Structure formats: C-alpha cells, structure tokens
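Participant: Quick one: sequence and predicted model below, then my questions.
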Amino acid sequence: MSRGHTWLHALANASEQPGFPASVRVVDGDLAGRRARFIAVVPDASNPFPRARNGEVGVLEGWTLARAVDEAIEADTTREKRALIAVVDVPSQAYGRREEALGIHQALAGAVDSYARARLAGHPVIGLLVGKAMSGAFLAHGYQAQRLVALEDAGVMVHAMGKAAAARITLRSVEELESLAASVPPMAYDLDNYASLGLLWEKLSVQQIESPTADDIARVRDCLAGAVADIDNDTSLGNRLGAANRQASSTVRQRLRAQWA
C-alpha cells in the first residue's frame, strides 16, 4: 500500500466512496466536527494506461480528480462547504503516447480548474504531502490548496521533475544537480529549501510515516484542522509570497498591479 493510500485511510477512518477507478480513492469523513473529503491518487497495477500504474497522474486520474472535487462543490452549494484534503503522494504525471494523444494536458487542467473553483467557492483546500509531489501531478493534485502541510521525511520531495530526468534535460549529472541545489533553493528537492520559498504552511514530524501510530494520526489531524481554521474564508494563494526567497516575485506582482491599475 502506498503512503497516500495509508494516510488516506488513517486520517479519514471511513469507507471509500464507490464508483471511482482504483487509482483515485475518495473518502468522506470529518475533521474537527466539519465534513471533509479526502482524496488520494494511488498505484493501480491494472490501470488501463500502463504509464499510470505506479501512482502517476494521467488522463484517467486527472478527469477523476475533477469529478471528485466537482461532486463536493455541487453537493455543498447551499450548505457549509466541506474541507477538501488532497493527500499527495504522486511521483509524476504519466508520460506516454496514449496520454498525449488523449489530451493529458486537458485532463490535468480539468483537475486544477476544479480545485481552484472549489477554493474560490469557499471550500478550504489543504494539500498534505506524505510522499513525492512531482511535476504536473502535484500541480493537478494539491498545489491549488490554500495551505500546504508536509510531513518531515527524506521520502517527501517536491520538484518539477525527478532527479534523473532533470539531469538529462540540463546535461548534468545527478551529483552536479545536488551540488547546485545547495545554493539555488528552487533546484532542491528537500523540504527545507521548499519551505524557504514560502510555499509550506507547516512541516510536521511523525514517528512512523510508513505505518502511522495513533499519536501520528492525531497530530496530523490536529494540524489539518488548524490549517482549515487558519484559512478563515481566504480564497486566495497570497500567503505564499511572504518569504525572503520570493521577494522578486512579490516585486514583479506589485509593479504589474500598479501598471494595470
């Protein structure tokens, strides 16, 4: 069982919703007295798309994520907006000819759009990083969250692409990339550098990330509940621009806003 699947059930402690493909698991539960929908992409050895059998986000997963989020938006139109918890353990988007031919860019954009519309409609959206958060997979599942929480562990990594792929693209060795990452935070994979960009709301340590204890589960649930409370109807992603390493981004936005005012 993947980390995403493990933490999905540990946190939600309820039955999975029927009617979804095996690679996308959806559980409706509660979080500090508030309804919550927990969503995870997991490996499926029988996935009809071979490139998406190890937890990657492909055509099927993109559209299914969109459906899972849209269902919550529609069901909560006239009542309290449930929290949406994206449990993130995704090694990559799915790379393959089938995916390209069938429009993986549209499927992943559909997932992004649904998460964004949920956020703008008043749903607290939290991304919980329990494993890899890579490439377009993370953009489609988790990155639209108002708050990102990551478990502190060497296996929790965030980047635009895997190290081997990044080395090929940049014509460098993996060792050279790791050396470069020591002085260029956006090149790094570890959480400390990622946090220095202002993108994480909280880093959380647990005792057993692969097989969480009762204390681990309670600690993470409390943190998620705190993240939901901290959002307090804030539908923007503006909280990500306060870090020192994002000063240039903030300046550019300010100047563009001034020019277009």
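Facilitator: Good, I have the coordinates. On a predicted model such as this, the values are computed, not experimentally measured, just so you know.
Participant: gap between Ala66 and Ala227?
Facilitator: For Ala66, the distance to Ala227 (Cβ to Cβ, to the nearest Å) stands at 23 Å. Just so you know, the C-beta spots here come from the backbone N, C-alpha and C atoms, and that holds for glycine as well.
Participant: Neighbour count for those two, which is higher?
Facilitator: For Ala66 versus Ala227, the count of surrounding residues by other Cβ atoms under 10 Å is larger for Ala227: 24 against 21.
Participant: residues touching the more buried one, list them.
Facilitator: Pro124, Ile126, Arg147, Val149, Trp201, Glu202 (Cβ atoms under 8 Å, 6 or more residues apart in numbering).
Participant: so which helix or strand takes in the closest residue to the last one other than its chain neighbours?
Facilitator: For Glu202, the nearest residue in space outside its immediate sequence neighbours is Val149; the separation is 4.8 Å by Cβ to Cβ, 6 or more residues apart in numbering. The secondary structure element spanning Val149 is strand 147-151 (assigned by DSSP states H and E).
Participant: do Ala40 as well
Facilitator: Per DSSP H and E: strand 34-41 holds Ala40.
Participant: Could I get the buried residue list for that strand?
Facilitator: Residues Arg35, Ala36, Arg37, Phe38, Ile39, Ala40, Val41 are the ones in strand 34-41 that count as buried (16 or more other Cβ atoms under 10 Å).
Participant: now do stretch 121-134
Facilitator: His123, Pro124, Val125, Ile126, Gly127, Leu128, Leu129, Val130, Gly131, Lys132, Ala133, Met134.
Participant: do stretch 101-109 as well
Facilitator: Quick answer for stretch 101-109 (16+ other Cβ under 10 Å): Ile104, Ala107, Leu108, Ala109.
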